[in-house]
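Asker: fold the following and give me the result.
(one chain, ligands or ions: 1)
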Amino acid sequence: MKRHSPGARGGPVIEAHGLARTFTTKRGRETTEVKAVAGVDLTVDEGEIVGFLGPNGAGKTTTLRMLTTLLSPTAGTATVAGHDLLRDPVGVRRSIGYVSQSGSTSPVALAGEEIVDHGMLYGISRRQAETRGRELFDQLDLDGLWQRKPSTMSGGQRRRLDIAMGLVHDPSLVFLDEPTTGLDPQARSNLWTHISDLREKRGSTVFLTTHYLDEADALCDRILVIDHGSIVASDTPENLKRSVAGDLVELVVSDEAQAAVAAELLGHDADDPAEVEVQGASIQTRVRDAGTHLPRLLRELDARGIALTSIEVRRPTLDDVFLDLTGRSLREEA
Ligand SMILES: Nc1ncnc2c1ncn2[C@@H]1O[C@H](COP(=O)(O)OP(=O)(O)OP(=O)(O)O)[C@@H](O)[C@H]1O
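Answerer: I've put the predicted structure just below:
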């Protein structure tokens, strides 16, 4: 597993060892145990934007709630923002920002007042909270909304207000639980810019969960994949894509009668020569680093007089990675 990513600027700000949580539920005389998180080791370095991905019920929110002190682990240890999770939960809480899935703004209080109250709750003065709050409103495109109730804001504005609340006490480490769920594509990509800016302009470390693979791909230096309560991968999006599968190559020959010969030639480059699919005039397979093989393939096809109507190369996506690692497609679940 790769630990340090290009975004990393310093030492670890999260270090967890064997972090686990079992839930026990009782129905009548029957007791059921759910191992929501089964002993997680993870490291996040200062300045990284790390995406935490996994199928529904994999243990993402439970891990996040443990790392933010909202839930106590049944086993394991962690240091978060320089404080021991078990011995100094107050120290952890004061040093981090946490934006939950549902957010924490009241729909009826005025946005500015809420931000100030929230900052004071974290021990900063009213004046500091107001200065910082107004600065965040400016940075997060919330100008003019200080005196507005969240119930009158758009989804994107409300989500940015949630983020401002999580940042008002100036934490160096921010946890975002599904920050863009429910937003339209434009509001999502706008929020991505703001999240990147947290790192670029403030040097913050960001740990976020998401169901959107394009989000993880665009935003994260590193992706952690959790499945059945255990981490199953940790690497940059590029390395993950490279590691699971070759590029998908599809050739369409002009003359269907030549498909078998073309398939044989393509088979020489295939990851698995037994996995070349032919359907009518279309032939497809996976080829590692297709770009380096295609010129030769094209010359060979030409030499045999096989003309193509099209050729398409698709790089592996994070969904391919996800499918490979968990046996499930995140796209189906989102
Ligand atoms: N309070 C609880 N009591 C009992 N079981 C729980 C509790 N909270 C979570 N679980 C179970 O723990 C497992 C992990 O849940 P968790 O919410 O961490 O998953 P998740 O990866 O965040 O899922 P999602 O993507 O759907 O939000 C699930 O099987 C869930 O049903």
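Asker: which residues are in contact with stretch 187-204?
Answerer: The set of residues that contact stretch 187-204 without belonging to it, under CB atoms under 8 Å, 6 or more residues apart in numbering, is 7, 9, 46-47, 49, 139-141, 154-156, 159-160, 163, 167, 171-174, 176, 179-180, 183, 205-206, 208, 212, 215, 218-219. To be clear about C-beta, it is placed using only N, CA and C from the backbone, and glycine gets the same treatment.
Asker: is it possible to mark the buried ones in these?
Answerer: Buried members of the contacts of stretch 187-204, scored by 16 or more other CB atoms under 10 Å, are 7, 46-47, 49, 139-140, 156, 159-160, 163, 167, 171-174, 176, 179-180, 183, 205-206, 208, 212, 215, 219.
Asker: wait, a strand at Ile115?
Answerer: No: using DSSP: H, G, I helix; E, B strand; the rest coil, the secondary structure at Ile115 is helix, not a strand.
Asker: and Ile49, how far is that from Thr22?
Answerer: With distances defined as CB to CB, to the nearest Å, the gap from Ile49 to Thr22 amounts to 30 Å.
Asker: point out where the chain drops to low pLDDT.
Answerer: Within the chain, the stretches with pLDDT under 70 are 1-10, 103-105, 330-334.
Asker: give me the most central residue, it.
Answerer: Nearest to the centroid of the C-alpha atoms of the chain, with distances taken as CA atoms, centre = their mean, sits Gly51, at 3.0 Å.
Asker: could you pull up the contacting residues of Val261?
Answerer: When contacts are counted by CB under 8 Å, 6+ apart, Val261 is found next to Arg304, Ile306.
Asker: give the buried residues for the helix or strand hosting it.
Answerer: Using DSSP states H and E, Val261 maps to helix 259-267. Buried residues in helix 259-267, counting neighbours by 16+ other CB under 10 Å, are found at Ala259, Ala262, Ala263, Leu265, Leu266, Gly267.
Asker: can you pull the residues of the stretch 1-150 of the chain lying near the ligand?
Answerer: Phe23, Thr25, Val34, Ala36, Gly54, Asn56, Gly57, Ala58, Gly59, Lys60, Thr61, Thr62 (CB under 6 Å from any ligand atom).
Asker: please pick the buried ones from the residues you listed.
Answerer: Among those, the ones that count as buried (16+ other CB under 10 Å) are Ala36, Gly54, Ala58, Gly59, Lys60, Thr61, Thr62.
Asker: so for the third one, what's the nearest residue that isn't a sequence neighbour?
Answerer: Which is Ala58. Using CB to CB, 6 or more residues apart in numbering and skipping residues adjacent in sequence, the residue nearest Ala58 is Ile226, 4.8 Å away.
Asker: quick check, that neighbour in contact with Thr209.
Answerer: No: with the criterion set as CB atoms under 8 Å, Ile226 and Thr209 do not qualify as a contacting pair; they are 9.3 Å apart.
Asker: quick check: bridge partners of Arg314?
Answerer: Leu248 (DSSP bridges).
Asker: before we move on, back to that, just the contacts of stretch 187-204: which are in helices?
Answerer: In this view, the contacts of stretch 187-204 that belong to helices under DSSP state H are Gln139, Gly155, Gly156, Arg159, Arg160, Ile163, Leu167, Glu215, Ala218, Leu219.
Asker: closest one of the residues you listed to Val276?
Answerer: When the ones in helices among the contacts of stretch 187-204 are compared for distance to Val276, the smallest value, 32.6 Å, is given by Ala218; criterion: CB to CB.
Asker: ranges for the helices of the stretch 201-334 of the chain?
Answerer: With DSSP state H, counting those that start in this stretch applied, the stretch 201-334 of the chain shows helices at 213-219, 237-244, 259-267, 290-303, 318-326, 330-333, listed in chain order.
Asker: not counting its neighbours along the chain, what's nearest Ala36?
Answerer: When the adjacent residues along the chain are set aside, Ala36 lies closest to Thr62, with 4.2 Å between them (CB to CB, 6+ apart).
Asker: which element is the one you found on?
Answerer: helix 60-67.
Asker: can you report how many residues lie near Ala16?
Answerer: Applying the criterion other CB atoms under 10 Å, we find 25 residues in the vicinity of Ala16.
Asker: distance of it relative to Leu42?
Answerer: Taking CB to CB as the measure, Ala16 and Leu42 are separated by 5 Å.
Asker: please apply the same query to Ser151.
Answerer: The gap separating Ser151 from Leu42 is 37 Å, by CB to CB.
Asker: kindly report the same for Leu67.
Answerer: Look at Leu67 and Leu42: by CB to CB, they are 9 Å apart.
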